[in-house]
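> have a look; sequence and predicted model below, questions after that.
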Amino acid sequence: MNHTKVIDVLQSTQFGAEVVVKGWVRTKRGNKNVNFIAINDGSTIKNIQLVVDVEKFDEELLKKITTGAAVCVKGTLVQSQGKGQSVEVLAKEIEVYGTANPETYPLQKKGHSLEFLREIAHLRPRTNTFGAVFRIRHNMAMAIHTFFHQKGFFYFHTPIITASDCEGAGQMFQVTTKNLYDLKKDENGSITYDDDFFGKQASLTVSGQLEGELAAMGLGGIYTFGPTFRAENSNTPRHLAEFWMIEPEIAFYDINDNMDLAEEFIKYCVKWALENCRDDVQFLNDMFDKELIARLEGVLNQDFVRIPYGEGIRVLEEAVANGKKFEFPVYWGVDLASEHERYLVEEYYKCPVIMTDYPKEIKAFYMKQNDDGKTVRAMDVLFPQIGEIIGGSEREADYDKLLTRINELNIPMKDMWWYLDTRRFGSCPHSGFGLGFERLLLFVTGMANIRDVIPFPRTPKNAEF
Ligand code: ATP
Ligand code: MN
């Protein structure tokens, strides 16, 4: 007989019917006559309760049923007598697939700290919290694909290994098959790569955008959704060395279209979570962050504030003049720190903010230059609790302006002829942005540390599991 998922058993009203459930024991309590065993199989945050008539089972078998053990139970579905659940299963047969010795199994009933659970990340999926987080993670991936698919955007796969170092040089992880103990060098002492696997220096990508632009120039609207890597040594609750990014790139979109898309997109994802992950979001709300649901609903009900960078700086300077203390200084030209972004969002506007027209010095070379000669058509979406959740821009479509900027910044373009071809042949206005998947998940789950929304986080000095 096939087993039924706990999520389906809990919704069934076929009382008296025989069911088979399989899962892991969460708790066991009771007395010498009857045991109540809560089983979870990951399909939902909720457990199914087994009622076990102790007399009818072998004592040795029941002893093996401890927290963490994997079991298969055949029984009768009944309406629950007790509080807290509507159905339960009267056990007729129990098989223990695998035991979990209470002396050594780390996940006993008592609540563990998130820090401790990070050290046993291989067991985290078995907890309520991470079950909820990873079900939401799956759901957000589905929401993202659905959103873009319905809009007629194509999921485009960009390479993970790249040989273009124009962006984020210094932040990149190198990919090599060279013998690091015996590196071939040229007469100047520089490492040569002609004998390396790709015949040139290669790295893990920091973004799929440049290739995404190539695709948008033929397919119209595309998005990427894949892993990206940054060797930035920032040990913060919002940075990972390996994270997933969603990067739409759309031909014939200007910065305003881009902002509209970003706002609609995030709201779509948040709404999806509220509608399709209600139990899990409610659990996280009750356990960690009593404001979570209110914050999610708040985002849905507000038009994001749209301001130029200059206005943001003015507001921040005014706050400083009125006694507000920030760790980092505020002045026109500064790359805003998360504390500044959060002040604007949480305290001043009390609403997500889309900030545009940043100084060109703090933004990437490919962003469309404004007529003032100082700013570019960048847009960052700033969120409560998170700070920057999206970074994007209208792209510079003019070949000469783009090349001038590349030369000003001394960006090595020798391997980038293919990118410049987008501006040489059929160039057009186009825009795009990058959403950090884990930053979205931080927002939607209310978790405070990015290490707790990805199954196996990679951060400086940490690549366990
Ligand atoms: P930050 O200033 O927060 O480091 P960034 O300006 O480097 O971000 P972008 O290069 O614009 O970010 O990347 C696009 C998006 O990717 C960001 O808005 C953010 O959501 C996400 N992101 C960037 N770096 C990381 C990281 N190290 N870990 C997780 N997500 C990241
Ligand atoms: Mn960064």
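Happy to help now that I have it. Ligands and ions are numbered 1, 2, ... in the order given.
> if I look at Lys110, how far off is ligand 1?
31 Å (Cβ to the nearest ligand atom, to the nearest Å). The way it works is simple: take the backbone N, C-alpha and C, and place the C-beta from them, glycine included.
> count of neighbours near that residue?
5 (other Cβ atoms under 10 Å).
> same deal with the one 10 residues further on?
Taking other Cβ under 10 Å as the criterion, the count of residues near Ile120 is 15.
> who's in contact with the closest residue to it other than its chain neighbours?
Leaving aside its chain neighbours, Ile120 sits nearest to Pro106 (5.5 Å; criterion: Cβ to Cβ, 6 or more residues apart in numbering). For Pro106, the contacting residues are His112, Ile120, Leu123, by Cβ atoms under 8 Å, 6 or more residues apart in numbering.
> Pro106 and ligand 1, how far apart?
When Pro106 is compared with ligand 1 (using Cβ to the nearest ligand atom), they lie 28 Å apart.
> before we move on, what about Thr158?
Distance, Thr158 to ligand 1, by Cβ to the nearest ligand atom: 14 Å.
> quick one, what contacts that residue?
So Thr158 contacts Thr205, Gly208, Glu211, Gly212, Ala215, Thr224, Gly226 (Cβ under 8 Å, 6+ apart).
> run the last query once more with 7 Å
Gly208, Glu211, Gly212, Thr224, Gly226 (Cβ atoms under 7 Å, 6 or more residues apart in numbering).
> quick check: buried residues in stretch 347-366?
The neighbour-count check on stretch 347-366 (16 or more other Cβ atoms under 10 Å) flags 348-349, 351-360, 363-366 as buried.
> per-residue confidence averaged over it?
Taken as a whole, stretch 347-366 has a mean pLDDT of 97.
> kindly report the same for stretch 133-149.
98.
> can you list the low-confidence ranges for this structure?
Residue ranges of the chain with pLDDT under 70: 1, 84, 109, 165-170.
> neighbours of the residue lying closest to Thr27 once chain neighbours are set aside, how many?
Of all residues not flanking Thr27 in the chain, Ala38 sits nearest, at 4.6 Å (Cβ to Cβ, 6+ apart). Using other Cβ under 10 Å, Ala38 has 20 neighbouring residues.
> need the longest helix for this structure.
When the chain is parsed with DSSP state H, its longest helix is helix 128-151.
> would you mark the buried spots in that helix?
In helix 128-151, the ones that count as buried by 16+ other Cβ under 10 Å are 128-137, 139-141, 143-144, 147-148.
> next one: the most far-flung residue of the chain relative to its centre from ligand 1, what distance?
Distance from the C-alpha centroid of the chain peaks at Glu55, with 49.0 Å (Cα atoms, centre = their mean). Remark: distance between Glu55 and ligand 1 (Cβ to the nearest ligand atom) = 56 Å.
> so that residue belongs to a helix, correct?
Yes: with DSSP: H, G, I helix; E, B strand; the rest coil as the criterion, Glu55 is located in a helix.
> mind listing the strands for the stretch 201-350 of the chain?
202-204, 221-229, 242-251, 305-308 (DSSP state E, counting those that start in this stretch).
> how about residues contacting the last one?
Counting by Cβ under 7 Å, 6+ apart, the neighbours of strand 305-308 from elsewhere in the structure are Met259, Tyr349, Cys351, Val353, Ile354, Met355, Thr356, Asp357.
> output the helix or strand containing the last one as CSV, nothing but the C-alphas.
This means Asp357. Assigned by DSSP states H and E, Asp357 falls within strand 353-359. Only the C-alpha atoms of strand 353-359 are listed here, as CSV (Å, rounded to 0.1, in the frame of the first residue of the first chain):
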residue,chain,number,x,y,z
VAL,A,353,12.2,52.8,-1.6
ILE,A,354,13.5,52.7,-5.2
MET,A,355,16.5,55.0,-5.4
THR,A,356,17.7,56.1,-8.8
ASP,A,357,20.4,58.3,-10.5
TYR,A,358,23.4,57.3,-8.4
PRO,A,359,26.9,58.9,-8.9
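> against Ala202, how distant is the nearest residue to Thr176 once chain neighbours are set aside?
Nearest residue to Thr176, sequence neighbours excluded (Cβ to Cβ, 6+ apart): Asp196, at 5.5 Å. Between Asp196 and Ala202 the distance is 7 Å, computed by Cβ to Cβ, to the nearest Å.
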